[in-house]
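[1] generate coordinates for the sequence data below:
(chains A and B, ligands or ions: 1)
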Amino acid sequence: MKPAELATCDRTASLEVIVTGLASDAHTWNLVFIQLLLEDLGHRVVNLGPCVPEEEIVESCADHQPDLLVISSVNGHGRHDAKPLIEALRARPDLDGLPVVIGGKLGISEDQREEQARELVAAGFDAVFQEGADLASFEAFVGALPKEVTR
Amino acid sequence: MTQAATTRPRGPVAVHGSRTSFARYVADAQARGVLVVQPRMGFSDPALMRAGLRATRDAAEAVVGTLTIDSYTRVGDELSAVRALNEDHSLNGYPISSLSPHTSRWVLDGVRDPSFPVQVRHGSARPQRIVAALTALGLDATEGGPVSYCLPYGRTPLAESVRNWQQACEFLASLRSTGAEPHLETFGGCMLGQLCPPGLLVALSALEALFFHRAGLRSISLSYAQQTNSEQDVQAIHALRRLAAELLPDTEWHIVLYTYMGLYPRSREGALELLERSAELAVEAGAARLIVKTAAEAHRIPTVAENVEALRVAAAAARDSHRTAVAGARAVPDNPVYTEARALIDAVLGLDADLGRALLTAFAHGYLDVPYCLHPDNAGRSRSCIDESGRLAWSETGSMPLGRVARNAGRLTARGLFDALSFVQSRYDNHFLAPTAAPPRRPRPLAGLSGGTSRR
Ligand code: B12
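    Here you go, the predicted structure:
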């Protein structure tokens, strides 16, 4: 991020965010886009990139202790790959309370999107932004975080 | 499609020499003035895969079949592929190395024959197992490349991908001693699908073709993906043809065009119109084969019917433009895409007599630098933009031997990136989707809102 841009944003509201793809997903435009979106809002982003193994996502969170983990997946396997990941994250005491959200094209069909989202929330995600979801609702979610984060 | 299927190999032993080669099939169609069309289709259910192959086979006059491989298999995670099959979860492609060869033979039996060659498309930087699996089925046409199946497809180190692809190419080339003519297509003309200026795409496609040639392959197709401006695309295909003629002696080669590989129009009409433009481009510029996109592209994995529709629409558009155009006739005297590609190729070839090592050095020095690519072995100092005429251009060339550019790239924002990514999508959708009164503050995906699902 360029300094001129940083100066205009409120440093106290700046979050440290990890953005990542899932183990089998090679798509990167989504990751670059989400990174820029968060940076435009004044947050600091570590982008782990595509095809990141589950353990590495967990360890990166343990090392960086971010304020938010954002997962983006569009290849259609996200719905299945995200479940063991969120279970692994929620099993870690040192990551207790870490807000974790996921978005993109999580299944390979357009059916059952609501149901998939509910399943993922039940598995431990704080929010699920399926294809067609409003980016403003993601921004609102992120905007609400600093006040709530006690970490 | 009337040829008898009697020469098709049967039984567990793969016989490579007895079939018409992939390249011959394409060359015959081209000689008849027919554009070969091909889907990007792959399902994890073998019965659906078989049904899909059969349906696409009969969709148009000259069709090549496709087995597109799923993401787990691409990254070498066969465990997850097998688990998904056991749990009856559909994958985004055909898990060729996790299904039994018996099953895959059944999928192909009576479908693949001299009048319907089948190609495996897979996107893997570790292709050895996939190549072994496909050759065990008697297939000998696939796709890839040391660079193009690495940088866009994850984070396998480039050096490892070069080694892997060297092995895979040599293995495929060794099949020539059995009388087969294995075919390999470059993916270098596509890379990340969008926002890569054609000079670099053409250079990468040509360099990968040369890599295949040096490994012993003599049947090669060079890819190029439709971009943002048709005149520039014609120049790119002409440049690729000229480079193929210059670089690939004793080789049966053809150009394969990909219908637009970036963010695709969401409307059905826009999606099919873009497909038709790509078929016309293929005919006009002299490509022999077209890999199509369906009306479902922007949304989800397409159905068999959607694939069949896309093949029909593309074949019809190609037929119509064959009537009005002489393939590849329009001369391109002063071709800036060729000039740029040639500069990049010469810089790479000058680095090392071994092409694999030359490619590694070129990326390490940033002589080749793919814009917006996150791969750790890509320098990441180049940037591109869409200029006033709708052509792709450089806004930063980094260390590539292309001279300086006058443009000031400025800071990249989410909005700026999305506007560039959706340039083609908007152009084709705008005819068909009602224009919004005021431009949305954020790009289009906001339309049709439903809030996210959360537990707050
Ligand atoms: C470019 C592209 C590629 C390039 C990717 C290069 C790269 N390194 O990124 C290439 C050609 C290599 C490629 C390969 C594959 N692709 Co692809 N690809 C596309 C394509 C055409 C455009 C994607 C794109 O650039 N998007 C730009 C970004 C900005 O948009 P986005 O990804 O849609 O993300 C938006 C929203 O989803 C949302 N969002 C995303 N994540 C998140 C996260 C949060 C928290 C929030 C709030 C929002 C959000 O915000 C973004 C902006 O609106 C799409 C189809 C399309 N959309 O037109 C297919 C598509 C995504 N690919 C697909 C598939 C299946 C594959 C392959 C598996 C091959 C195959 N079987 O067809 C391989 C992937 C291999 C692997 N290991 O994963 C499918 C996925 C199907 C599904 N989910 O149902 C699609 C939809 C095409 C299709 N219809 O079949 N692909």
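
[2] so what's the residue sitting nearest the centre point of chain B closest to, chain neighbours aside?
    The residue lying closest to the centre of chain B (Cα atoms, centre = their mean) is B:F187, at 4.9 Å. Spatial nearest neighbour of B:F187, chain neighbours left out: B:S148 (3.7 Å); criterion: Cβ to Cβ, 6 or more residues apart in numbering or on different chains. In short, each C-beta sits where N, CA and C put it, glycine included.

[3] and for that neighbour, the neighbour number?
    Here the number of neighbours of B:S148 (other Cβ atoms under 10 Å in any protein chain shown) works out to 28.

[4] strands of the stretch 1-150 of chain B, start to end?
    B:36-38, B:65-68, B:118-121, B:141-144 (DSSP state E, counting those that start in this stretch).

[5] for the ones you listed, which one sits closest to A:D126?
    A:D126 lies closest, by Cβ to Cβ, to one member of the strands of the stretch 1-150 of chain B: strand B:65-68, at 34.2 Å.

[6] who does that closest one pair up with?
    Based on DSSP bridges, the pairing partners of strand B:65-68 within the sheet are strand B:118-121 (parallel).

[7] how far off centre is the partner strand?
    11 Å (Cα atoms, centre = their mean, to the nearest Å).

[8] give me the mean pLDDT for it.
    Strand B:118-121 carries an average pLDDT of 98.

[9] just say which of the strands of the stretch 1-150 of chain B is most tucked in.
    strand B:36-38 (a mean of 28; mean count of other Cβ atoms under 10 Å in any protein chain shown).

[10] show me what that one is packed against.
    Using 3 or more Cβ pairs under 8 Å, 6 or more residues apart in numbering or on different chains; DSSP states H and E, the elements in contact with strand B:36-38 are helix B:22-31, strand B:289-291, helix B:304-324.

[11] that strand close to the ligand?
    No: residues of strand B:36-38 contacting the ligand under Cβ under 6 Å from any ligand atom: none, with a closest distance of 13.3 Å.

[12] list the contacts of that strand.
    Residues outside strand B:36-38 that contact it (Cβ atoms under 8 Å, 6 or more residues apart in numbering or on different chains) are B:25-26, B:29-30, B:59-60, B:62-66, B:119, B:279, B:288-292, B:311, B:314-315, B:318.

[13] enumerate the residues of chain A near the ligand.
    So chain A meets the ligand at A:24-30, A:33-34, A:70, A:72, A:74-76, A:101, A:103-105, A:108, A:129, A:131, A:135, A:138 (Cβ under 6 Å from any ligand atom).

[14] what about chain A, any weak spots by pLDDT?
    Scanning chain A for pLDDT under 70 picks out A:1-12, A:146-151.

[15] quick one, helices of it?
    Using DSSP state H, the helices of chain A run over A:3-7, A:29-40, A:54-64, A:78-90, A:113-123, A:135-143, A:145-148.

[16] quick one, which of the ones you listed is packed in tightest?
    Buried most deeply of these, by mean count of other Cβ under 10 Å, is helix A:29-40, with a mean of 22.

[17] export that helix as CSV, just CAs?
    Taking C-alpha atoms only, helix A:29-40 is exported to CSV below (Å, rounded to 0.1, in the frame of the first residue of the first chain):
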residue,chain,number,x,y,z
TRP,A,29,-8.1,-13.0,-9.2
ASN,A,30,-10.6,-13.4,-6.3
LEU,A,31,-7.8,-13.3,-3.8
VAL,A,32,-6.2,-10.2,-5.3
PHE,A,33,-9.6,-8.5,-5.5
ILE,A,34,-10.4,-9.2,-1.9
GLN,A,35,-7.0,-8.0,-0.8
LEU,A,36,-7.4,-4.7,-2.6
LEU,A,37,-10.9,-4.3,-1.3
LEU,A,38,-9.6,-4.6,2.3
GLU,A,39,-6.6,-2.4,1.6
ASP,A,40,-8.9,0.2,0.1
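
[18] and that helix, how far out from the chain's middle?
    11 Å.

[19] same question, stretch B:252-262
    The answer for stretch B:252-262 is 6 Å, by Cα atoms, centre = their mean.

[20] which residues are in contact with A:V52?
    Taking Cβ under 8 Å, 6+ apart, one finds A:20-23, B:155 in contact with A:V52.

[21] pipe those into TSV and attach neighbour count per row.
    Shown next, in TSV, are these (neighbours: other Cβ atoms under 10 Å in any protein chain shown):
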residue	neighbour count
A:T20	25
A:G21	30
A:L22	27
A:A23	24
B:R155	20
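
[22] can you add distance to B:A47 and give the residues you listed back as a markdown table?
    Converted to a markdown table, the contacts of A:V52 look like this (distance: Cβ to Cβ, whole Å):
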| residue | distance to B:A47 |
| --- | --- |
| A:T20 | 35 |
| A:G21 | 31 |
| A:L22 | 28 |
| A:A23 | 28 |
| B:R155 | 35 |
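
[23] among those residues, which are in strands?
    A:T20 (DSSP state E).

[24] can you tell me how far A:S60 is from A:G103?
    The gap separating A:S60 from A:G103 is 19 Å, by Cβ to Cβ, to the nearest Å.

[25] my error: substitute B:A159 in the last question.
    With Cβ to Cβ as the criterion, B:A159 and A:G103 are 34 Å apart.

[26] same check, this time on A:G49
    17 Å.

[27] who has more neighbours, those two?
    Taking neighbours as other Cβ under 10 Å, A:G49 and A:G103 compare with A:G103 leading, 24 against 17.

[28] the more buried one pairs with what?
    A:S72, A:F129.

[29] thought it was touching A:F125?
    No: counting by Cβ atoms under 8 Å, A:G103 stays clear of A:F125, with 9.9 Å between them.

[30] tell me which residue of chain A lies closest to the ligand.
    Closest to the ligand within chain A is A:G103: 2.3 Å, counting by Cβ to the nearest ligand atom.

[31] contacting residues for that residue?
    A:34, A:70-72, A:128-130, A:133, A:138, B:452.

[32] of these, just say which sits nearest to B:F171.
    Nearest to B:F171 among those, with distances taken as Cβ to Cβ, is A:S72, at 35.8 Å.

[33] what sits against the closest one?
    A:S72 neighbours (Cβ under 8 Å, 6+ apart): A:19-21, A:30-31, A:34, A:102-104.

[34] how near is B:G123 to A:S60?
    Distance from B:G123 to A:S60, by Cβ to Cβ: 25 Å.

[35] buried residues of stretch B:249-266, list them for me.
    B:251-266 (16 or more other Cβ atoms under 10 Å in any protein chain shown).

[36] shaky segments in the stretch 251-400 of chain B?
    Residues of the stretch 251-400 of chain B that meet the cut-off, pLDDT under 70, sit at B:325-332.

[37] for it, what spans make up the helices?
    B:268-285, B:304-324, B:336-349, B:355-365 (DSSP state H, counting those that start in this stretch).

[38] next, format those helices as TSV and append distance to the ligand and mean neighbour count.
    Formatted as TSV, these follow (distance: least, Cβ to the nearest ligand atom, whole Å; neighbours: other Cβ atoms under 10 Å in any protein chain shown):
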stretch	distance to the ligand	mean neighbour count
helix B:268-285	9	22
helix B:304-324	9	19
helix B:336-349	21	20
helix B:355-365	16	20
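
[39] need phi/psi at residue 112.
    Picked chain A for this. Dihedral pair for A:Q112: phi 60, psi 30, per degrees, to the nearest 10.

[40] and for it, the neighbour number?
    Neighbours of A:Q112 (other Cβ under 10 Å): 12.

[41] give me the distance between it and B:Y224.
    38 Å.

[42] quick check: the residue nearest to B:F187 touching B:E208?
    Yes: counting by Cβ under 8 Å, B:S148 does reach B:E208; the two are 6.2 Å apart.

[43] show me the contacts for B:V348.
    B:203, B:207, B:355, B:358-359, B:362, B:367-368.

[44] would you check that B:L374 makes contact with A:G49?
    Yes: with contact defined as Cβ under 8 Å, B:L374 counts as touching A:G49 (4.7 Å).

[45] that'll do, ta.
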